[in-house]
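K.L.:
got a structure for you, letters missing:
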């Protein structure tokens, strides 16, 4: 069974990776696949939408006689990432109240 990833969470994951470093599309897809199951046919529309929304910019870099298109997070993208991350942590905390027994949750919250 696979848990569905919402568009907001997918955006956040893409932006989080690009906040670490710039990636070209294929390498970004490979990096995302370490966390979730995603295909290139799903990734590229997400990248186009994030670029259209002003969260990403692109630049081309020559590589072995061809150009690779690299994606780079913008300041607006960093702000959006912060919002998505807050939504994720709030959502995770609410789910943990159901999944994690009180003793473990209390110990986790005490250490936070």
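P.N.:
Perfect, I can see it now. Just so we're clear, the structure is a prediction, and the values are computed from it rather than from any experiment.

K.L.:
what residue ranges in this protein score low on pLDDT?
P.N.:
1, 103-112 (pLDDT under 70).

K.L.:
centroid residue for it?
P.N.:
In the chain, the centroid-proximal residue (Cα atoms, centre = their mean) is residue 13; its distance is 0.9 Å.

K.L.:
for whichever strand or helix holds that one, which positions count as buried?
P.N.:
Using DSSP states H and E, residue 13 sits in helix 7-20. Using 16 or more other Cβ atoms under 10 Å as the test for burial, helix 7-20 gives 10-15, 17-18. C-beta: built from backbone N, CA, C; applies to glycine.

K.L.:
And the contacts of the top helix by length along the chain?
P.N.:
Assignment by DSSP state H gives helix 75-99 as the longest helix of the chain. The set of residues external to helix 75-99 that reach it, using Cβ atoms under 8 Å, 6 or more residues apart in numbering, is 8-9, 11-12, 15-16, 18-19, 50, 53-56, 73, 105, 108.

K.L.:
Could you rerun that using 6 Å?
P.N.:
Outside of helix 75-99, the residues within contact range by Cβ atoms under 6 Å, 6 or more residues apart in numbering are 8, 12, 15, 19, 54-56.

K.L.:
what's the closest of those residues to residue 35?
P.N.:
Distance ranking of the contacts of helix 75-99 against residue 35, using Cβ to Cβ, places residue 12 first at 11.2 Å.

K.L.:
Go through stretch 34-52 and flag the buried ones.
P.N.:
Buried residues in stretch 34-52 (16+ other Cβ under 10 Å): 38, 43, 46-47, 50-51.
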